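Participant: got a structure for you, letters missing:
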């Protein structure tokens, strides 16, 4: 059964948007978002509403756990839509390469189409990768400002006039 369509409809009545939906290891993970962010009350309402709908319609055989959450600051990127929404942000990803080891890239996501993304990696430069060759990816959130050099390091690089 297609869960995405009914869950999108249920969530829209709560003014929430379905960001991601995944069933893995006995857990139905429903990730929701909304303009301005998701608060605890919204998550509670979504959990209750989805839980009631699942109980009534029984689309998943057997026992499972429902987990409703927000995507957080560092969002998992799995779909073309996820990547399109992250253009201009710093992302990290693992690129699968035939016959070579997996490569980790981090940089600004400069473009995303339905089939590929382009990332401006600090070391490698611009790299375009087919979505099917991305093992995993997420946005990166940097806490605070850039670290300032410590006084001892700054002093060791300063030349003395004499």
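Facilitator: Perfect, I can see it now. As the structure is a computational prediction, the values presented were derived from the model and not from experiment.
Participant: what is the least confident helix or strand in the chain?
Facilitator: Sorting the helices and strands of the chain by mean pLDDT, DSSP states H and E puts helix 151-157 at the bottom, at a mean of 49.
Participant: out of all of them, which strand in this protein is the longest?
Facilitator: strand 103-112 (DSSP state E).
Participant: how far is that strand from where the chain is centred?
Facilitator: Computed by C-alpha atoms, centre = their mean, to the nearest Å, the separation of strand 103-112 from the middle of its chain amounts to 13 Å.
Participant: stretch 131-140 now?
Facilitator: Centroid separation for stretch 131-140 versus its chain: 9 Å, with C-alpha atoms, centre = their mean.
Participant: quick one: terminal-to-terminal distance for that stretch?
Facilitator: With C-alpha to C-alpha, to the nearest Å as the measure, stretch 131-140 spans 18 Å from end to end.
Participant: begin at 33 from now on, thanks
Facilitator: Okay, residue one is now 33; in that scheme the one you just asked about reads as stretch 163-172.
Participant: can you give me the buried ones in it?
Facilitator: 163, 165-166, 169-171 (16 or more other C-beta atoms under 10 Å). Where you see a C-beta, it was placed from the backbone N, CA and C, and this is true even at glycine.
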